[in-house]
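Trainee: How does the following fold in three dimensions:
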Amino acid sequence: MSEDAGEGEIFKFRILLRSQDTETKRVSLASFSSLGPRSMWGISPQTNLLPSTRRDETSDVVNILLLSPSDPRSVLETIAEASTKNADSSKNTPVELRFYVVEERPEVLARHFLLLHILYDRTVPVRQRAALYLEVFGNASVRDKTAAYLEEKGKALVDLVLDGKEQQGMEDMLDLSLLKQRELDDLADVFASWRTSQESDLREMRDEVLRSFYRDRYDCREGVVDWDYHAQVKPHASIIHPIQFRDWRLNGQAFEFGVGAAYVRDNPSLVGPREKRDFARARLSDNLKMDVVTGPFVCHGATCDRSDPLADGLFEIHNKGTGAEQHRYSATDVALYNITRCMWQVGTGKEYRMKLKGDVLSGLGSEEEDPGSPFQNRDRNQAAPVDAKVFPVNDPRKIFKKKFRKFFDVAFVSHGASGLLRDSDLLDLLKEDAEVVVETCRFDLTKNASSKEVAIKIIREALLVKENIVEMDSSVALGDCLLRLKLRRNLF
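Mentor: As a prediction, this is how the structure comes out:
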């Protein structure tokens, strides 16, 4: 094992703290199974990471650490919430948000760049941009025009990371100072691999992973999918329709829009470039970077902010008490509402409100009222609703340095990074009265119900036995898939 990989083990973080050297990397996937170490989405809903004690103190700088979040869902939600709170504040100074996003794999970091780029792309109206975001986010296959869009943005992002060229204001939002040149080159390789001329054989790759997961159950996989849905998904997120869940599990399609839309091109953002040294010997599944069991629905499609009086209507159930209950709307509607709401609030600084029940796009009004990028449409002398900056981090050891001691106001710890919760080094990074948001394994469908209960109990006990940590709240509606904790008094 290389010196870098050995040094990483002292943090007891088997997924993130690993060397980039593929010849020496050893990753334990015992608890991940088909979720994989390179999952492109998390297993918890988007959440506002603004600290509760500072939600009204918008002049303060808020430093937020995200450990292996897999996607920028909570970054979007936090910026959207801060945008409206700051717009309503009498203070003219914009809130300053600093997101330190730690992802080991360049393919995952590249997706963060892409999805944030879509968020701020003023060339596409919000109504189309929200659907585009979800299509890229959760589908194995995309439309021809989406594949062309990804190729174009891949070229733009290569220019951004290598030459710092202006890209819709993203050069101001993304601070690349914590990335080495080698890591920037790796990102550029990923962006360059999104060319439409480069065929990825994603369907074959996905089928190989499915066969590996189901083994002798492959021929009856539809029954396995049905069991997983009714035993693990429906009790906590019945808004996810069984047909929609089955279609994603079998074919990789989560969000589809428009009647007769042809999703015929592989989604290149889910497939990274093969390792150069092992290109000739690489198996197809080595290139597959996506989860094939749990799905992307929970991130944006399982719940939403209910401050809009019409938002509750998205969860309307027909035929209650008859044994034939059915949701009127689906996870696609909820996800489209969430993304539209984020884009609207980031762009305008105003709360998003639907005008018609069930029409998640009705709050946009006419095409002329559809806001573009806040970076571009703002007057140059007008302060942005939120001054947000994202610091991508490829090597987690950079965070565990003296300069970051007592630095972060909030830390988000994903399920994959939960092993770090037992390490006192994480607490050393947090300020007094800091908050910790922990993603549990509630929606990890590779675990059975009893093992999930045990795992969540272990996390609670490991944290709450510390007298200075208290639990604030949890996502009860979705079965405790998120735990929010707060540090009390001086830990150090």
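
Trainee: Show me what the lengthiest helix in the chain packs onto, helices and strands only.
Mentor: In the chain, with assignment by DSSP state H, the single longest helix is helix 144-163. For helix 144-163, the packing partners by 3 or more Cβ pairs under 8 Å, 6 or more residues apart in numbering; DSSP states H and E come out as helix 106-119, helix 126-138, helix 181-192, strand 265-266. Where C-beta positions appear, they are placed from N, C-alpha and C, glycine not excepted.

Trainee: Would you check how far apart F404 and L176 are?
Mentor: 17 Å (Cβ to Cβ, to the nearest Å).

Trainee: Repeat that for D207.
Mentor: 37 Å.

Trainee: hang on, L65 in a strand?
Mentor: Yes - secondary structure assignment places L65 in a strand (DSSP: H, G, I helix; E, B strand; the rest coil).

Trainee: dump the residue contacts of it.
Mentor: By Cβ atoms under 8 Å, 6 or more residues apart in numbering, the contact set of L65 is Y100, V102, I399, F408, V410, A411, F412, L429.

Trainee: The second one contacts V108, doesn't it?
Mentor: No - V102 sits out of contact with V108 when judged by Cβ atoms under 8 Å, with a separation of 10.2 Å.

Trainee: So which of those two has more stuff around it?
Mentor: V102 (26 against 23; other Cβ atoms under 10 Å).

Trainee: Pull the contacting residues for the more buried one.
Mentor: V102 sits in contact with L16, L65, L66, L67, S68, V393, P396, I399, where contact means Cβ under 8 Å, 6+ apart.

Trainee: Mind picking the one among these that's closest to T348?
Mentor: In terms of Cβ to Cβ, no member of the contacts of V102 lies closer to T348 than L66, at 25.4 Å.

Trainee: What's opposite the closest one in the beta bridge?
Mentor: Here L66 sits in beta bridges with V101, F412, as judged by DSSP bridges.

Trainee: Would you mind measuring from it to T440?
Mentor: L66 is 16 Å from T440, by Cβ to Cβ.

Trainee: quick one: which of these two has more around it?
Mentor: Shown here are L66 and T440; by other Cβ under 10 Å, L66 has more neighbours (28 against 24).

Trainee: ok, the more buried one - contacts?
Mentor: Counted by Cβ under 8 Å, 6+ apart, L66 has contacts L49, S74, V75, F99, Y100, V101, V102, A411, F412, S414.

Trainee: In CSV, list those residues along with distance to A82 and pLDDT.
Mentor: CSV is the format used below for the contacts of L66 (distance: Cβ to Cβ, whole Å; pLDDT from 0 to 100):
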residue, distance to A82, pLDDT
L49, 10, 93
S74, 12, 96
V75, 11, 96
F99, 11, 97
Y100, 16, 96
V101, 16, 96
V102, 21, 94
A411, 17, 93
F412, 15, 94
S414, 22, 91
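
Trainee: and which of these is nearest G321?
Mentor: Taking the contacts of L66 together and measuring to G321 by Cβ to Cβ, the closest member is S74, at 36.0 Å.

Trainee: wait, that closest one sits on T47?
Mentor: Yes - counting by Cβ under 8 Å, T47 is a contact partner of S74 at 5.2 Å.

Trainee: Now do the shared contacts for those two.
Mentor: F412, V437.

Trainee: Of the two, give the one with the bigger neighbour count.
Mentor: More crowded of S74 and T47, by other Cβ under 10 Å: S74, with 26 against 19.

Trainee: Show me what the host helix or strand of that one is packed up against.
Mentor: Assigned by DSSP states H and E, S74 belongs to helix 73-88. The contact analysis (3+ Cβ pairs under 8 Å, 6+ apart) places helix 73-88 against strand 61-67, strand 95-102, helix 331-348, strand 386-393.

Trainee: Try it again at 10 Å.
Mentor: Applying 3 or more Cβ pairs under 10 Å, 6 or more residues apart in numbering; DSSP states H and E, we find helix 73-88 packed against strand 61-67, strand 95-102, helix 106-119, helix 297-301, helix 331-348, strand 386-393, strand 408-413.

Trainee: Out of these, which gets nearest to D172?
Mentor: strand 386-393 (7.9 Å).

Trainee: Report the buried residues of that closest one.
Mentor: Residues of strand 386-393 classed as buried: V386, D387, A388, V390, F391, P392, V393 (neighbour count, 16 or more other Cβ atoms under 10 Å).

Trainee: What of stretch 354-361?
Mentor: For stretch 354-361, by 16+ other Cβ under 10 Å, it's M354, V360, L361.

Trainee: ok, residues contacting that stretch?
Mentor: With contact meaning Cβ atoms under 10 Å, 6 or more residues apart in numbering, stretch 354-361 is reached by 126-127, 130-131, 304, 308-314, 316, 328-329, 332-341, 344, 352, 362-365, 370.

Trainee: Off-centre distance for that stretch?
Mentor: The chain centroid and the centroid of stretch 354-361 are separated by 25 Å, computed with Cα atoms, centre = their mean, to the nearest Å.

Trainee: That one: end-to-end distance?
Mentor: Here the two ends of stretch 354-361 are set 7 Å apart, with distance taken as Cα to Cα, to the nearest Å.

Trainee: For that stretch, the averaged confidence score.
Mentor: For stretch 354-361, mean pLDDT is 93.

Trainee: lowest confidence element among the helices and strands of the chain?
Mentor: helix 3-8 (a mean of 37; mean pLDDT, DSSP states H and E).

Trainee: you'd agree D305 is up against T340?
Mentor: No - using Cβ atoms under 10 Å, D305 makes no contact with T340, being 11.8 Å away.
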